[in-house]
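Q: Just to be clear, the model below is a prediction. Sequence and coordinates:
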Amino acid sequence: MHLDIPTLFIASICVVALLGLFLFFAWIQERDVRALAWWGGAYMLGGVAVALWVVESSVPRMALNGLPHAVLFIACAMIWNGARLFRGKDVLPVGLLAGAVIWLAACAMPSFVASSLARVTLSSLIVAGYTFCAAHELWKERRASAGPRWMAAVVPILHGMVFLTPIPLAVMDLSNHALASGTDRWGALFVLQALLYAVGTAFIVLLMVKERTMRVHRAQALTDPLTGLHNRRGFFSEAEEQLSVSAPDREFSVLMFDIDHFKSINDRFGHACGDEALRVFSATIRASMRADDLIGRLGGEEFVAFLPCTEAQAMATADRVRTAFEWAGMEIGGHDMNATVSVGVATAPAHAFDMKVHLDAADAALYCAKQNGRNRVESAPAEAQPPSPTNGSSVEGWTAARPFPQAPTPECAVTRVLPAPIGAA
C-alpha cells in the first residue's frame, strides 16, 4: 500500500488541530483541570509545527532555520507540563523552553545543519525525553485508578521509544532516504504512528479527566462539607464494604460521639461558634485516631467511628478522643467554652456484626454516658445489645430518626472509663 507523506502531513495538521480544539473546549467545561488547557494548546501548537514543515518543504528555497522543530519541541514540553499540572505540581518554565533553545542553538552551527545524523539524533532525543518525562508524571499520579494510569504511562513510553528508532536508522544510512522520499515506507510509518499516537493520547487524557471528575463528585457526595469527614451515606457505605471483606472472626467496634450541651453552646456563643466547635472536634478525632479508621458525622453534634479492634482497644481510643477534646474544647473561637464529649461503644465479631443493631447499642451506651454525668465513655456489654432482626436489617433503617431509650436500665449500666475531669483536685 502506498502512503504519501505530504498527504499524511496535511491530514495530521487537520486531526491534531481538531484534537487541540476538542481538548480546549473540554477545559471550558472543566475549568478546574488546567492540564486540559495545556494539552489542548500543545496539540494546536503541534498542528502549527506540522504546517510549518509543509510550507518549508513545499516552497523552494524556504528555510525556517529549525523553527518547525522548535515549535514541536515546545508542544511536547507543554504536554509534559500539562501532566505536571494534572498531578498538582507547578509548571517548569525552564523545561518548557529547554528543547527549543537547545535545537535553535544547534541550528546556528553549520556543521550541525549539514549532518543529517546529528539532526535526527538530537530531535529524536528531545521528543523522546519529553514523552518519557510525561509518562513519569502520569505514572506517579497516585489518585488515578490502575487502568487509566497504566494506559496513560505506557502510551507515552511506547511513543518515546518509537521516536528513538530514527537514530539507528540514520546510523545505518536509511533515515536520510526515509526523510527525503515521500514514498518510503519508513517515513510513512513514522508519520502514521505520530498521528495515531496523537489521537490515542487525546482520548486517554479525556478518560483520565473524566475519571478524576467522577471521583471528585463522588467524594463531595460522601463528605460532610463542614468537617471534611464522611457524611451519613459515605460512612455507612464504607463500613459495609469493610465488613464484607473482613475475616469472620475479626472484631469491630462502633463508637458514637455526642458533644455535651451543644444546644447551650449555640445559644450562648452563636451558631458560628457552634460550627467552629464541630470543626475543632473533627480535627481532634482525626488527630487522636489512626489514618485508616473510619470516621463520620451523622448530623448535628453526633459523630461516629468504625474500627477493626477489640472492645478494650475501642474504649482506650474513645477515651483518648474524649481527653483530647476536653483540652481542645476549653477555648474555641476566643470563648471559654469548656466543651466536652460523651462516647458510647459497642463491639462484635464481623460475622455477628449488624450495623443497625450495634449502632443502636452504642447509642444506648451513649445515652447512659449522658445520664451518668457526661464527659465519659460507656460500653454496652454483649448481653445488653439488641438481637439481630430475623428479617434482616440495613443501615438505611437506622438512618431515620432514632428513638432513644426512655431511661437507662440496670443492664445499661456498663463498663465505664471515667477519668477525673481536667483541673480536678
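A: Thanks, I have the structure now.

Q: Can you name the element that comes right after the helix or strand encompassing residue 243?
A: Per DSSP states H and E, residue 243 falls inside helix 232-245. Next in sequence after helix 232-245, counting helices and strands by DSSP H and E, comes strand 251-259.

Q: what's the average pLDDT for whatever helix or strand comes next after that next one?
A: For strand 251-259, the following helix or strand on the C-terminal side (DSSP H and E) is helix 262-269. Average pLDDT, helix 262-269: 91.

Q: one step back: what's next to the helix holding residue 243, contact-wise?
A: Residues from elsewhere that reach helix 232-245 (Cβ atoms under 8 Å, 6 or more residues apart in numbering): 221-223, 230, 252, 294-299, 304, 306, 308, 350, 353, 355, 395-396, 399. The way it works is simple: take the backbone N, C-alpha and C, and place the C-beta from them, glycine included.

Q: Which members of these are classed as buried?
A: Listed as buried from the contacts of helix 232-245 are 222-223, 230, 252, 294-298, 304, 306, 308, 350, 353, 355, 395, 399; burial here means 16 or more other Cβ atoms under 10 Å.

Q: Could you pull up the residues touching residue 38?
A: Residue 38 sits in contact with 78, 79, 81, 82, 85, 91, where contact means Cβ under 8 Å, 6+ apart.

Q: Let's see that with 10 Å instead.
A: Counting by Cβ atoms under 10 Å, 6 or more residues apart in numbering, residue 38 touches 23-24, 27, 77-86, 91, 96.

Q: what about the helix or strand harbouring residue 82, distance to the chain center?
A: Assigned by DSSP H and E, residue 82 belongs to helix 67-86. In terms of Cα atoms, centre = their mean, to the nearest Å, the centre of helix 67-86 is set 24 Å apart from its chain centre.

Q: and residue 99, what is it in contact with?
A: 69-70, 72-77, 80, 122-123, 125-127, 129-130.

Q: now residue 276
A: By Cβ under 10 Å, 6+ apart, the residues touching residue 276 are 226, 265, 269, 270, 332, 333, 334, 335, 337.

Q: Would you map the strands across the stretch 151-300 of the chain?
A: Secondary structure of the stretch 151-300 of the chain, counting by DSSP state E, counting those that start in this stretch: strands at 251-259, 294-299.

Q: repeat for the stretch 301-425 of the chain
A: Using DSSP E, counting those that start in this stretch, strands in the stretch 301-425 of the chain cover 302-307, 331-332, 335-336, 341-349, 377-379, 415-417.

Q: Pick the most buried one from these.
A: Among these, ranked by average contacts under mean count of other Cβ atoms under 10 Å, first place goes to strand 377-379 (a mean of 28).

Q: strand partners of that strand, parallel vs antiparallel please.
A: Strand pairing for strand 377-379, determined by DSSP bridges: strand 341-349 (parallel), strand 415-417 (antiparallel).

Q: what pLDDT, on average, does the shortest one get?
A: Translated: strand 415-417. Rounded mean pLDDT across strand 415-417 is 45.

Q: Check the contacts of residue 99 and tell me the two furthest apart.
A: 80 and 122 (17.6 Å; Cβ to Cβ).

Q: who's more crowded, these two?
A: Higher neighbour count among residue 80 and residue 122: residue 80, with 27 against 19, using other Cβ atoms under 10 Å.

Q: which residues of the stretch 251-400 of the chain score low on pLDDT?
A: For the stretch 251-400 of the chain, the stretches flagged by pLDDT under 70 are 381-400.

Q: Report the buried residues of stretch 45-61.
A: Judged by neighbour count using 16+ other Cβ under 10 Å, the buried positions of stretch 45-61 are 45, 46, 47, 48, 49, 50, 51, 52, 53.

Q: mean confidence for that stretch?
A: Averaged over stretch 45-61, pLDDT sits at 75.

Q: ok now that stretch, how far from the chain's centre?
A: Relative to its parent chain, stretch 45-61 has a centroid offset of 40 Å by Cα atoms, centre = their mean.
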